[in-house]
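Asker: Give me a 3D structure for the following:
(chains A, B, C and D)
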There are 2 protein chains.
Amino acid sequence: MATEIDGRKKKILLAVVQNFVLTGRPVGSGAVAQSADVAVSAATIRNELSALEEMGFLRQPHTSAGRVPTDVAYRYYVDSLMEQPRPSGRDAEAIERLFAAQTREIEGLFQEASVLLSRLTHTTAIVFAPFSSADAVRHIDLVRLSDQRVMLIIITARGQVGRQLLRLSRPVTGDTLQRVAAFTDRVLTGLTSDRIDAGDLLRRGKFGSAGSELVRAAAEAVVEYMGSIEERVFIGGTANIVDSATPEWAQTLLEAMEKQYFILDLLKDLLHERRLTVRIGEENRLRELQRYSFVGTSYPLGHGLLGSLGVVGPTSMDYARTIGMVEYMAENLGRTMFNPKG
Amino acid sequence: MATEIDGRKKKILLAVVQNFVLTGRPVGSGAVAQSADVAVSAATIRNELSALEEMGFLRQPHTSAGRVPTDVAYRYYVDSLMEQPRPSGRDAEAIERLFAAQTREIEGLFQEASVLLSRLTHTTAIVFAPFSSADAVRHIDLVRLSDQRVMLIIITARGQVGRQLLRLSRPVTGDTLQRVAAFTDRVLTGLTSDRIDAGDLLRRGKFGSAGSELVRAAAEAVVEYMGSIEERVFIGGTANIVDSATPEWAQTLLEAMEKQYFILDLLKDLLHERRLTVRIGEENRLRELQRYSFVGTSYPLGHGLLGSLGVVGPTSMDYARTIGMVEYMAENLGRTMFNPKG
DNA sequence: CATTAGCAGTCGGCCGGCCTGAGTGCTAAA
DNA sequence: TTTAGCACTCAGGCCGGCCGACTGCTAATG
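Answerer: Now for the predicted structure:
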């Protein structure tokens, strides 16, 4: 029993993986004999397949069926077998076109990036943009919604924007609102959240009882916002989940995708290192993902921050193509949001 | 052949609809005899069922099966048969809890509203918030991303916030950026988009070539943003699509849900009138929706604007419960975003 | 001694027939 | 007009047989 994986086994394994990715059906010795560039008979290939099965690379759905690659085989394929192409001309062009405009609305750009990536790879794409608000206040604004409702708008030094709804226990006049807005903007601008103190603010400005309540509420909302990390997630191509698995798995995954913690757990590892990550089947920590594969990487957002993006698809996806696409998208997105060289 | 729908037929039709909504399987004369409060035998009910079928309210999947309600039956049920309950204690409470907090991040509130609504109704919920930016500028800010990339932040008088990415053909210094930011903020504040003119701006402020380019780009981006309507859509419970239909329909609907125009077409009618709308099966204009039903209404956003929200579910949904839920959610959301009485 | 042809064996998928049970429509009596 | 009774229909589950794809084993081969 061969325990080393020699050249011929490599070729055969490669053929099995490629064939299965293409057709989705178990591949038999005959098919391998045709497609692999090894000049041996089907019988010999059967022996090799049998050996590869014993080594854990292949699996038979049932006795008289062909072979299906295991997670281990995909892992080996990704690490040692595949050649990774740059995205083809059309695909690269589609991505570049997305980033070509001179002026661009930010949310829309991220959303379209996720949709495009999903379409190009026939998977579900996730673009994750964490914006740390732990930063200095740059501008504060208050907008009146009704007598007792006020919207607070915060802009941070790095350009994050937050909107909080404030509810007051008594009505506040437009005049008071304006004075409080001007006051908080003047006093809080330049401060980081640890240096904001509602009590201190109330001592420095004099307002009526309604005004004071507003000052306090505003200060608290600012501190709350600055202490949080705004995490925007853009998901595209959820429909692709449905035909990559049985309805039950699809439903489980769809449900999970709506959960913040799930996306976080999926993408947070990537935020620490700028490196492509492939997690195949059971390599995924998240149970809902263990029937799928994940391909992701990170991209620079500026201010030393990293965002991350990736796709979720069937374990039998075309890894080479998908990886190329994910990397190219990350490159372009990073270059658009942040370009150290200008 | 009876062509009028008399009292007994009403009771029987009601029983069929309720039974089918509950079990999902065709209901036969026996089941109706048990559940409807009519004291007649199954044989009589068979005659009535047959009549109701001829009138277009019922359908037989095959000869020896029970009856299934048609879209017409659901329509009649919604219009004349059902009694609409207020949401039950627990459900009402769950909704109220969502709106209880004194301070609330706005995007998060909408997102959670859609998720909660979908969970309570076992459907897919959509919350649509159109924010018209056709308004006056309240504040302009410029944030430097890199030498040639700048983020423009606009706040409008109504509290809308837009972020646009500007790409410049030559580097701009931090100093110039600050001067341009202060200048545009001062000059543009209070203006509506029709009164903003890049050429005029350039005449009123003197900047180097890079600065001038920035002024022009900023002015154009402001005009562009103010001319657009920012439409935020929050979708919750997409997973519920999967088990309410076959995989193919589910996939089609999921795909459609990601399209902006689809959501728009679905919800824009509601923006003109404050009224509950129910569209059953083929009553829907959108082809992708003709196997589903839609229940939606609008809610006030303040400043005379209306938003809308609704759910998409199987035609055999529990209309009474769903309608109650949608209305209660709209009521609460409207009261939170905008309360004329304070 | 690796390779190969040949062959028997396995097993999923498909087709047709059979049976069951739920539910119908019709008819004749109340 | 209502009802009991009865013959009829048909989807769905079950069984058995056939087909075809593919395997593992064995014996022959260069």
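Asker: Show the contacting residues for A:Ala42.
Answerer: The contact partners of A:Ala42, taken as Cβ atoms under 8 Å, 6 or more residues apart in numbering or on different chains, are A:Ser29, A:Gly30, A:Val32, A:Ala33. Any C-beta I mention is one placed from the backbone N, CA and C, and that applies to glycine too.
Asker: ok, now with 10 Å
Answerer: For A:Ala42, the contacting residues are A:Gly28, A:Ser29, A:Gly30, A:Ala31, A:Val32, A:Ala33, A:Gln34, A:Leu49, by Cβ atoms under 10 Å, 6 or more residues apart in numbering or on different chains.
Asker: Where helices are concerned, which of the residues you listed count?
Answerer: Counting by DSSP state H, the part of the contacts of A:Ala42 found in helices is A:Ser29, A:Gly30, A:Ala31, A:Val32, A:Ala33, A:Gln34, A:Leu49.
Asker: Pick out the residue in the stretch 201-342 of chain A sitting closest to DNA strand D.
Answerer: For the stretch 201-342 of chain A and DNA strand D, the shortest gap (Cβ to the nearest atom of the strand) falls at A:Ser316, measuring 16.1 Å.
Asker: count of neighbours near that residue?
Answerer: Neighbour count for A:Ser316, taken as other Cβ atoms under 10 Å in any protein chain shown: 18.
Asker: where's the closest residue in space to it that isn't next to it in sequence relative to A:Met82, distance?
Answerer: Spatially, and ignoring its direct neighbours in sequence, A:Ser316 is nearest to A:Val21 (5.3 Å; Cβ to Cβ, 6 or more residues apart in numbering or on different chains). Plainly put, A:Val21 is 10 Å away from A:Met82 if you go by Cβ to Cβ, to the nearest Å.
Asker: Helices along the stretch 51-200 of chain A, start to end?
Answerer: Using DSSP state H, counting those that start in this stretch, the helices of the stretch 51-200 of chain A run over A:71-76, A:89-98, A:106-121, A:174-188, A:198-204.
Asker: ok, is the third one in contact with chain B or not?
Answerer: Read it as helix A:106-121. Yes: between helix A:106-121 and chain B, judged by Cβ under 10 Å from any Cβ of the partner chain, the touching residues are A:Ile106, A:Glu107, A:Gly108, A:Leu109, A:Gln111, A:Ser114, A:Val115, A:Ser118.
Asker: and the angle for the helix or strand containing A:Tyr225 with helix A:174-188?
Answerer: Here A:Tyr225 sits within helix A:209-227, counting by DSSP states H and E. For helix A:209-227 against helix A:174-188, the angle by axes from the mean of the first three to the mean of the last three Cα atoms, to 10 degrees is 40 degrees.
Asker: quick one: buried residues of helix A:209-227?
Answerer: A:210-215, A:217-223, A:225-226 (16 or more other Cβ atoms under 10 Å in any protein chain shown).
Asker: Does that helix reach chain B?
Answerer: Yes: Helix A:209-227 comes into contact with chain B (Cβ under 10 Å from any Cβ), by way of A:Ala217, A:Ala218, A:Glu220, A:Ala221, A:Glu224, A:Tyr225.
Asker: list the buried ones in whichever helix or strand comes after that helix?
Answerer: Sequence order places strand A:229-236 as the next helix or strand after helix A:209-227, per DSSP H and E. For strand A:229-236, a neighbour-count test (16+ other Cβ under 10 Å) marks A:Glu230, A:Glu231, A:Val233, A:Phe234, A:Ile235, A:Gly236 as buried.
Asker: Which neighbouring elements make contact with strand A:229-236?
Answerer: Identification of packing neighbours for strand A:229-236 by 3 or more Cβ pairs under 10 Å, 6 or more residues apart in numbering or on different chains; DSSP states H and E yields helix A:106-121, strand A:124-132, helix A:260-267, strand A:305-314, helix B:106-121.
Asker: And it, how far out from the chain middle?
Answerer: 8 Å (Cα atoms, centre = their mean, to the nearest Å).
Asker: What's the mean pLDDT across stretch A:262-282?
Answerer: For stretch A:262-282, mean pLDDT rounds to 90.
Asker: What are the buried residues along it?
Answerer: Buried, per 16+ other Cβ under 10 Å, within stretch A:262-282: A:Phe262, A:Ile263, A:Leu266, A:Leu267, A:Leu270, A:Leu271, A:Leu276, A:Thr277, A:Val278, A:Arg279, A:Ile280, A:Gly281.
Asker: Redo the helices and strands packed on strand A:229-236 as JSON lines? Include distance to DNA strand C.
Answerer: Below are those laid out as JSON lines (distance: least, Cβ to the nearest atom of the strand, whole Å):
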{"stretch": "helix A:106-121", "distance to DNA strand C": "28"}
{"stretch": "strand A:124-132", "distance to DNA strand C": "26"}
{"stretch": "helix A:260-267", "distance to DNA strand C": "32"}
{"stretch": "strand A:305-314", "distance to DNA strand C": "18"}
{"stretch": "helix B:106-121", "distance to DNA strand C": "27"}
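Asker: secondary structure element for the closest residue to A:Glu288 other than its chain neighbours?
Answerer: Spatial nearest neighbour of A:Glu288, excluding adjacent residues (Cβ to Cβ, 6+ apart): A:Ala256 at 4.3 Å. A:Ala256 is part of helix A:247-257 when elements are defined by DSSP H and E.
Asker: any weak-confidence spans in chain A?
Answerer: Where chain A drops to pLDDT under 70, the residues are A:1-3, A:133, A:339-342.
Asker: What is the neighbour count of A:Val38?
Answerer: 18.
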